[in-house]
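**Q** Turn this into a model:
(chains A, B, C and D)
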Protein chains: 4
Amino acid sequence: MHPHVRSLRDVVLAPTEAGVLAESGADLVFLALPHGESAALAAQLPASVKVVDIGADFRLAAATDWTKYYPGDHAGTWTYGLPELPGQRERIAASSRVANTGCYAVSVVLALAPLIAAGVADPEDVVVVAASGTSGAGRSAKVHLLASEVMGSLSPYKVGAHQHVPEIKQATGATSLSMTPVLAPMPRGILATVTAKAKTAADPAEVLRQAYDGEQFVQVLPEGQWPHTASTFGSNAAHLQATVDVDSGRIIVVSAIDNLVKGAAGQAVQNANLMLGLPEGAGLTADGIAP
Amino acid sequence: MHPHVRSLRDVVLAPTEAGVLAESGADLVFLALPHGESAALAAQLPASVKVVDIGADFRLAAATDWTKYYPGDHAGTWTYGLPELPGQRERIAASSRVANTGCYAVSVVLALAPLIAAGVADPEDVVVVAASGTSGAGRSAKVHLLASEVMGSLSPYKVGAHQHVPEIKQATGATSLSMTPVLAPMPRGILATVTAKAKTAADPAEVLRQAYDGEQFVQVLPEGQWPHTASTFGSNAAHLQATVDVDSGRIIVVSAIDNLVKGAAGQAVQNANLMLGLPEGAGLTADGIAP
Amino acid sequence: MHPHVRSLRDVVLAPTEAGVLAESGADLVFLALPHGESAALAAQLPASVKVVDIGADFRLAAATDWTKYYPGDHAGTWTYGLPELPGQRERIAASSRVANTGCYAVSVVLALAPLIAAGVADPEDVVVVAASGTSGAGRSAKVHLLASEVMGSLSPYKVGAHQHVPEIKQATGATSLSMTPVLAPMPRGILATVTAKAKTAADPAEVLRQAYDGEQFVQVLPEGQWPHTASTFGSNAAHLQATVDVDSGRIIVVSAIDNLVKGAAGQAVQNANLMLGLPEGAGLTADGIAP
Amino acid sequence: MHPHVRSLRDVVLAPTEAGVLAESGADLVFLALPHGESAALAAQLPASVKVVDIGADFRLAAATDWTKYYPGDHAGTWTYGLPELPGQRERIAASSRVANTGCYAVSVVLALAPLIAAGVADPEDVVVVAASGTSGAGRSAKVHLLASEVMGSLSPYKVGAHQHVPEIKQATGATSLSMTPVLAPMPRGILATVTAKAKTAADPAEVLRQAYDGEQFVQVLPEGQWPHTASTFGSNAAHLQATVDVDSGRIIVVSAIDNLVKGAAGQAVQNANLMLGLPEGAGLTADGIAP
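**A** All right, here's what the predicted structure looks like:
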């Protein structure tokens, strides 16, 4: 099925069931289930087993936000799994249950949170346009995801109502935010363009540079250099750059990630490392594979 | 050099010089020169020869806008070559000098102008993110345009200061506008996401539908269907759709064009047809080639 | 469903049934059905209605060839719809039933037939490797056709046993031929590399050039220039070039077509034009859309 | 310049000069220079410094082969750097000078050498068609490598006379071989289709499976599964599969590699590991990054 991961060829796959997970004696379980299905399984795991949920089930604080975008009841709220937010690394390390971020969400939250926190960006009327490679939609056989439909084409979807909006607002303090997702003709990568009204004359790139000083996975590029999704391909890196628009005075931040790594599996491993007391970057790299 | 246009194989190319153009006995001349070079040549053409300039030289009304983004002096202002703007078709037909639109500009102006004109969209604080295929950058051999750099990657450029901004403001009445251009891994096509604050509760799609009623090249798609650049590939069509964002209340309009056709050569032919009294769609099609 | 073909928006689609076709009063019917389903429908059409079958049902002369690759019984043999073969144009014009070529087949037959006919290429041990864009596989939602699987990847399929082999042998006189099809990360286009042992010292490019002299859709490129699939995009053109390998002395011919045009629908229109006494190129172009 | 390799950001680049290399105290030097430029520099390095040359300078045994394809004089012949050939691993380990393979060459040699060695494939009249991603052509700014030219297009080049042919013949024992290289619209990867006449009824896949039994980087896929270049992306793996063509009886082998890893840098590291007595796979992976 997946000849590219030859090193896993002797792994025996087993059903995702509580009994199997309990017998495995695992210290930590990653759940990667359809949205809304993690809660039932997580409830059957003993408290001593740590859990990182890659689904959306436990990301949102407000049940009303959940029911607006997802099926079924709101399951609850776990520690939000984005270590680069202030204080969050410590909270994750102290948690036995962590909710991994959404893929679009991490690309936007990293770009926006420090600017709102510093009082530099207005939390009102944030505008986001974010484009994702096709792997963001999973591996289901749907006509609109066929290569013939996608190659050579850009197309927006879920315009005006994306389920990551409440997650982004909650994690950044934005009070209103429009987000337009776009499907791009590439297998991986998210490029998010995040704009907000400036409240001060501060250089937004400098604010971000200070916020992420010392981070191994989040990098504000040197002045004049803008993120390319290809530079983050296969890595857990997020690349950022920011400026102020000469006409409108809006702050414009652009971020790039690999949606399958910093946007999903890499982030999950980073969180697990923190929860298990391992080096935060164990098994991860900040180096992308390009071209 | 261009084996794909076999029907032109007997055309003898000649230098772009006033003498050559005069001797040709042409009724109409298309100028496709580097920005800033059309004025000198156009000045040498007799008034009886009609001219469509595909460059930027004569698009802008204000010399200060020109000098902010282009080299040399402002050459003047010609009739703006976008027939679908109110009254513009008649002005073009009556003109002997027409300035073709910029490629990004046409994608944004078509999306925005009717909404501002109808008082539905706020002209203040418009936010645009627009992605273009690589042919928008021409055919020059530059490293950042190499296939190895572009395939699988999205990258922004000229962030916060694009030269089409004054053209868009002038043609739409927008009073402030930020635009972030993005290079996309496809050969052709522009997808523009245009957002503006709503001033009324009007349905923006309906306003656009009425504005473009009867137009052969500008189509507001049926409700629920959003533009794909591939659908406009090789055609002079512009596809539009609009909605109101559920969280922010912003109007979001998405438009798709082929940057080389409605964004350049097709638009030029459409203008020439009007100037020469030919059917507006002569030599053009609204049907794209997909997949 | 197909917003790119706006000019067809008022066409009312009807079921593909004999009664509907009879009532339509059509002079000619195109059948584009799954392989093996044309015969039943064609049998219900009056002899006065001309038919071009885009499926494989009536391409093969030998029933044993049919049963090796297709389901059900062999339906029969119609005039082979490749006008550029010697004498075939006249046979098509005189036929009321024509079997359109396979997409790979046309790319290989055009490259090979004149060389075998001229005694220049050995019909024994022809080797073909041909790569196709994804539209060759149709629009069905299958995992291996997803953009995530295809972009950035080349993959062979049906290695050693492709159903177009008997069609190619029959149309070229090749006596043995191996063909390896490859799925390429592009929406359209076939590039076929056809090699055969040389029987004489003749320049294969010159033989092809003479064979296709005066043809409007088949072009042997100028010396030193090799076909690109992009040059045939959206056109009914086939581009060819040939040389002799310096090491092995094998003849190498490369051909490029658009699999959906010269490889399918364009070819069908070309055949229909001949059958109806219309200009052979009506509704078709030899100019591709590139880049 | 290369923001994707953040971990190297503190590396100070120095000119590629003998003095610099000597002062560095390196145990081993990788040379990655234009073809024909390694010899002069290598001659200035002390014998105690091991060298892996990624260029072509020392690959060929016969000076006549060199002068047919490369500029200048033949520099000599070093140990051929393909560890998976019989006995070659030991020769490399015992060498202080190793010539890395060509990128196309490794993809073909791995597919063909065991079959000729076993007497299963005929060394006469081998036919190869091999397609490569654009990074195979390097990073120079040339028009034919622009994204606009490449995306959506397949194009052959150096047809009938590729410089890797003598290298392949020398390493496999093939006595005549035609190779057609094709540029494919993807950044990385080589897919080689190698066909040869069968001399016995042996299953070629089984012969390859035995030849590469226990190899960590060369894998013959399970029956029925064919290589995809994407599966080897970013890895030092080569994936192989083989069958016998039903019509011609030719053996068809398809191999996939990442041209920048097993086809260049990864191979070089693998050779260096052997020369330095390190584990052969140090710093390398057989797992590709897909999708």
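**Q** For A:V5, which non-adjacent residue is spatially closest?
**A** In this structure, A:V5 finds its nearest non-sequential neighbour in D:D287, 5.1 Å apart by Cβ to Cβ, 6 or more residues apart in numbering or on different chains. C-beta coordinates here come from the backbone N, C-alpha and C atoms, glycine included.
**Q** repeat for A:R209
**A** A:V220 (4.4 Å).
**Q** again, but for A:E167
**A** A:A105 (4.6 Å).
**Q** And for the one you found, the neighbour number?
**A** Applying other Cβ atoms under 10 Å in any protein chain shown, we find 29 residues neighbouring A:A105.
**Q** Run through chain A and note the low-pLDDT ranges.
**A** Nowhere does chain A drop to pLDDT under 70.
**Q** That one: strands as residue ranges?
**A** A:28-31, A:50-53, A:79-81, A:97-100, A:126-132, A:155-156, A:177-183, A:190-197, A:218-220, A:238-244, A:250-257 (DSSP state E).
**Q** how about the ones you listed in CSV, adding distance to B:H2 and mean neighbour count?
**A** Below are those laid out as CSV (distance: least, Cβ to Cβ, whole Å; neighbours: other Cβ atoms under 10 Å in any protein chain shown):
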stretch, distance to B:H2, mean neighbour count
strand A:28-31, 53, 18
strand A:50-53, 55, 24
strand A:79-81, 53, 24
strand A:97-100, 50, 26
strand A:126-132, 31, 29
strand A:155-156, 29, 22
strand A:177-183, 31, 25
strand A:190-197, 32, 28
strand A:218-220, 42, 24
strand A:238-244, 37, 25
strand A:250-257, 35, 29
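**Q** what bridges to A:V126?
**A** A:L177 (DSSP bridges).
**Q** distance between the lengthiest helix in chain A and the chain's centre?
**A** The single longest helix within chain A, with elements called by DSSP state H, is helix A:103-117. Helix A:103-117 has its C-alpha centroid displaced from the chain centroid by 9 Å (Cα atoms, centre = their mean, to the nearest Å).
**Q** From the contact counts, what lies against that helix?
**A** strand A:126-132, helix A:165-172, strand A:177-183, strand A:190-197, helix A:204-211, strand A:238-244, strand A:250-257 (3 or more Cβ pairs under 8 Å, 6 or more residues apart in numbering or on different chains; DSSP states H and E).
**Q** and for the fifth one, what are the contacting residues?
**A** Contacting residues not belonging to helix A:204-211 are listed as A:111, A:114-115, A:117-118, A:120-121, A:198, A:220, A:223, A:240-244, A:251, A:253 [Cβ atoms under 8 Å, 6 or more residues apart in numbering or on different chains].
**Q** residues near A:A117, how many?
**A** With other Cβ under 10 Å as criterion, A:A117 counts 16.
**Q** ah, wrong one, I meant A:N273
**A** Around A:N273 there are 20 residues (other Cβ under 10 Å).
**Q** Quick check: it touching A:E280?
**A** Yes. The pair A:N273 and A:E280 qualifies as a contact (Cβ atoms under 8 Å) at a distance of 5.1 Å.
**Q** measure A:T232 to A:K262 for me?
**A** Going from A:T232 to A:K262 by Cβ to Cβ, to the nearest Å gives 7 Å.
**Q** Give me the neighbour count for the residue in the stretch 1-150 of chain A that chain D sits nearest to.
**A** Of all residues in the stretch 1-150 of chain A, A:H4 sits closest to chain D, at 3.6 Å by Cβ to the nearest Cβ. Neighbour count of A:H4, defined by other Cβ under 10 Å: 21.
**Q** how about it, what does it touch?
**A** With Cβ under 8 Å, 6+ apart, A:H4 has these contacts: D:230-233, D:235, D:287-290.
**Q** For A:V20, state which of these is nearest.
**A** D:D287 (24.7 Å; Cβ to Cβ).
**Q** Nearest spatial neighbour of A:V127, chain-adjacent residues omitted?
**A** Distance criterion Cβ to Cβ, 6+ apart; nearest residue to A:V127, sequence neighbours excluded, is B:V127 at 4.3 Å.
**Q** Could you find the closest non-adjacent residue to A:K142?
**A** C:A141 (5.6 Å).
**Q** Spell out which parts of the stretch 51-200 of chain A neighbour chain C.
**A** Counting by Cβ under 8 Å from any Cβ of the partner chain, the positions of the stretch 51-200 of chain A adjacent to chain C are A:133-135, A:139, A:141-143, A:145-152, A:185-187.
**Q** mind running it again at 7 Å?
**A** Selection of the stretch 51-200 of chain A residues close to chain C by Cβ under 7 Å from any Cβ of the partner chain yields A:134-135, A:139, A:141-143, A:145-148, A:150-152, A:185-187.
**Q** Hmm, A:E23 and A:V49 touching each other?
**A** No. In this structure, A:V49 is not within contact of A:E23 by Cβ atoms under 7 Å, at 11.6 Å.
**Q** which of the two has more neighbours?
**A** For the pair A:V49 and A:E23, the greater number of neighbours falls to A:V49 (18 against 10), based on other Cβ under 10 Å.
**Q** OK, contacts around that one?
**A** Neighbouring residues of A:V49 by Cβ atoms under 7 Å, 6 or more residues apart in numbering or on different chains: A:26, A:28-29.
**Q** pretty sure the residue nearest to A:E167 contacts A:P166?
**A** No. Applying Cβ under 7 Å as the test, A:A105 and A:P166 come out as separate, 9.5 Å apart.
**Q** could you give the angle of the longest helix of chain A to strand A:126-132?
**A** Here the directions of helix A:103-117 and strand A:126-132 differ by 150 degrees (axes from the mean of the first three to the mean of the last three Cα atoms, to 10 degrees).
**Q** what sits up against helix A:103-117?
**A** A:82, A:84-85, A:101, A:121, A:123, A:126, A:128, A:130, A:132, A:136, A:164, A:167-168, A:171-174, A:181, A:190, A:192, A:194, A:196, A:204, A:207-208, A:211, A:218, A:238, A:240, A:251, A:253, A:255, A:257, A:259, A:262-264, A:267.
**Q** What residues of that helix count as buried?
**A** A:103-117 (16 or more other Cβ atoms under 10 Å in any protein chain shown).
**Q** Just put the strands of chain A in a markdown table and tack on distance to B:G19.
**A** Formatted as a markdown table, the strands of chain A follow (distance: least, Cβ to Cβ, whole Å):
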| stretch | distance to B:G19 |
| --- | --- |
| strand A:28-31 | 73 |
| strand A:50-53 | 74 |
| strand A:79-81 | 70 |
| strand A:97-100 | 69 |
| strand A:126-132 | 48 |
| strand A:155-156 | 48 |
| strand A:177-183 | 48 |
| strand A:190-197 | 48 |
| strand A:218-220 | 55 |
| strand A:238-244 | 46 |
| strand A:250-257 | 47 |
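**Q** and stretch A:223-232, is it in reach of chain B?
**A** Yes. Interface with chain B: stretch A:223-232 contributes A:226, A:228-230 (Cβ under 7 Å from any Cβ).
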